[in-house]
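**Q** Below are the sequence and a predicted model for it; my questions follow.
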Number of protein chains: 4
Amino acid sequence: MLQTYNKDYKERVKKFLKGQHFMHLIGFDLSVIEEGRTEGWLEIEQQHKQQKGFVHGGLVATLADITAGFAAYTLVPEDQHVVTAEIKVSYFRPAVGVKLHVVGSVLKQGRKINFCEAEVWDVSYDSKGQEVRHLAAKATTSMATVFPDDRAP
Amino acid sequence: MLQTYNKDYKERVKKFLKGQHFMHLIGFDLSVIEEGRTEGWLEIEQQHKQQKGFVHGGLVATLADITAGFAAYTLVPEDQHVVTAEIKVSYFRPAVGVKLHVVGSVLKQGRKINFCEAEVWDVSYDSKGQEVRHLAAKATTSMATVFPDDRAP
Amino acid sequence: MLQTYNKDYKERVKKFLKGQHFMHLIGFDLSVIEEGRTEGWLEIEQQHKQQKGFVHGGLVATLADITAGFAAYTLVPEDQHVVTAEIKVSYFRPAVGVKLHVVGSVLKQGRKINFCEAEVWDVSYDSKGQEVRHLAAKATTSMATVFPDDRAP
Amino acid sequence: MLQTYNKDYKERVKKFLKGQHFMHLIGFDLSVIEEGRTEGWLEIEQQHKQQKGFVHGGLVATLADITAGFAAYTLVPEDQHVVTAEIKVSYFRPAVGVKLHVVGSVLKQGRKINFCEAEVWDVSYDSKGQEVRHLAAKATTSMATVFPDDRAP
């Protein structure tokens, strides 16, 4: 159902990622960039946490915003951009593991608004080295398209 | 209408702020801590931005979460905490100024859920040095109380 | 800050209200229609309630949607419409009074998205006949503009 | 992962549905009641519509609230209830078909908050009588548990 209007969306996203200063500050990056879907991993460090030792909810929201936003961005024509109109994040459980796996996807592509979701998985390892995953948070967001003739988006 | 159950809430918040590693990474701090209300300022630097030169939406969400969460935290008894159950952030305009002024407040105090709001103001200065303020984003959030006998919140 | 592009917005809203079949089923109507703001009252009857005797949350969401949507509608040019892209409703307390007072307003007008809020007040009367008001719910919503050349919005 | 604490949840839900006056006004009912999941259908009539001929967004929110709320309700012990703390509904496309199919489910069961989702499908029939389905809206919601010793929820 999803359709990209830009064959070179991977290069375009990678170019834009270079300018994502706040994402670099956090230490996050996208490792999967597909049509209408992106994924990334974050090694959890102390700098990502709040006072209880859990990953900060604001960081979780940031990763959800990045993956969902770039998922939408893969779909729009080259002369268009997307901006987050709104995002809601629900926190199911504290993220306390070794790393986060974040998946953003477009649920409903639209000309002016792309409705997206993002899942933030908390990943740790048990005593046998088996990966243990929990869904720590889920986000829903409206990504608005910015057209060339839009004034400041 | 709001009522704190903890006279020493200011000291308690200040103590907790020390452990807010992610807040320190960003460079944010609270400068006002009142009953059911907190405020803070952030000098905007390149590390806070995304590829278009705007303050990152994830950072905006983080500041909203911090101010609203600690606003709720000022009200609960000493043996209780609060965690963000969900937050929704609406982005009214790109934040492109010199600094951000963030105000979090409790709109409806509850025993188990505190409904809070946060406003993120974009502040710049015109040619005469006059402060110019725009409401860049507004957040609404449900802050859940964590009781002593709760298992992992 | 708000600006209407349609002098005849009151007549336009009133005309549209006639076709609001679901609003008529509920028994609601708008009594105040201003630029970027509408208000209405609902006498609470048994048909509006759920099994606990409280006003149904879906009804509360409906009234919030109507008042916020028409608040946005007062601002757009004659050849444009608005549709609800998303709405979030937070329920502060059960509505159990005699009537509801609902106020919808535009917080940030935009060319493509109007960010609106709605407050739903629960109104009852004490033994001396004095009005007692509680904020029962608050909603935030993104109202998307529909332009003449949009295909099905 | 979901677990009910009440074997007789189906009878309990059915008993409560009798008191859902607003649901009866709309003409909706639940046809599937499982652990952590409910479903229902609504034949679309004129009384469900707004001025453009689309199903009213408030009605869509109401059906999402009912199915998600009762999905959560199937899981709690007999002496507990659930109330909607907040709900967000995203409208993907106008609902204009013959009927709506609504599915509510619990995504993350918690002792104090159940995070739920609801999907509202627009169903129509093509010239060959084949069913055509579109996802018209999706909701996410926090359903708060009401314990016996809670004062007014």
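**A** Cool, got the structure.
**Q** Just confirm yes or no for the helix or strand of chain A with the lowest mean pLDDT near chain B.
**A** Least confident helix or strand, chain A: helix A:9-18 with a mean of 95, by mean pLDDT, DSSP states H and E. Yes. Helix A:9-18 lies within reach of chain B by C-beta under 8 Å from any C-beta of the partner chain, at A:16, A:17, A:18. To be clear about C-beta, it is placed using only N, CA and C from the backbone, and glycine gets the same treatment.
**Q** which strands and helices sit next to that helix?
**A** Counting contacts by 3 or more C-beta pairs under 8 Å, 6 or more residues apart in numbering or on different chains; DSSP states H and E, helix A:9-18 packs against strand A:29-34, helix A:57-73.
**Q** So which of the ones you listed is nearest chain D?
**A** Of all these, helix A:57-73 sits nearest to chain D, with 12.4 Å by C-beta to the nearest C-beta.
**Q** Who are the packing partners of the helix or strand just after the closest one?
**A** For helix A:57-73, the succeeding helix or strand toward the C-terminus, using DSSP states H and E, is strand A:81-91. The contact analysis (3+ C-beta pairs under 8 Å, 6+ apart) places strand A:81-91 against helix A:57-73, strand A:131-146, helix B:57-73, strand B:81-91, strand C:81-91, strand D:131-146.
**Q** ok, the residue most central in space within chain A - contacts?
**A** The residue lying closest to the centre of chain A (C-alpha atoms, centre = their mean) is residue A:67, at 1.7 Å. Counting by C-beta atoms under 8 Å, 6 or more residues apart in numbering or on different chains, residue A:67 makes contact with A:30, A:38, A:39, A:40, A:102, A:103, A:104, A:118.
**Q** The fifth one and residue A:42 touch, don't they?
**A** Yes. Between residue A:102 and residue A:42 a contact is recorded at 7.1 Å, counting by C-beta atoms under 8 Å.
**Q** list the residues that contact both of the two?
**A** Contacts common to residue A:102 and residue A:42, judged by C-beta under 8 Å, 6+ apart, are A:28, A:63.
**Q** Quick check: chain neighbours aside, which residue is closest to residue A:111?
**A** residue A:145 (6.8 Å; C-beta to C-beta, 6 or more residues apart in numbering or on different chains).
**Q** could I get stretch A:87-94 in CSV with only the CA atoms?
**A** Extracted in CSV, the C-alpha atoms of stretch A:87-94 (Å, rounded to 0.1, in the frame of the first residue of the first chain):
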residue,chain,number,x,y,z
ILE,A,87,3.5,12.6,18.7
LYS,A,88,2.1,10.5,21.5
VAL,A,89,4.2,8.0,23.4
SER,A,90,2.8,5.4,25.8
TYR,A,91,5.3,3.9,28.2
PHE,A,92,4.5,0.3,28.9
ARG,A,93,7.5,-0.5,31.2
PRO,A,94,10.8,1.0,32.2
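**Q** Residues touching that stretch, excluding its own?
**A** The contact list for stretch A:87-94 (C-beta under 8 Å, 6+ apart) reads A:52, A:54-55, A:57, A:60-61, A:64-65, A:68, A:122, A:134-142, B:57, B:61, B:83-89, B:152-153, C:88, D:88, D:107-108, D:110, D:115, D:140, D:142.
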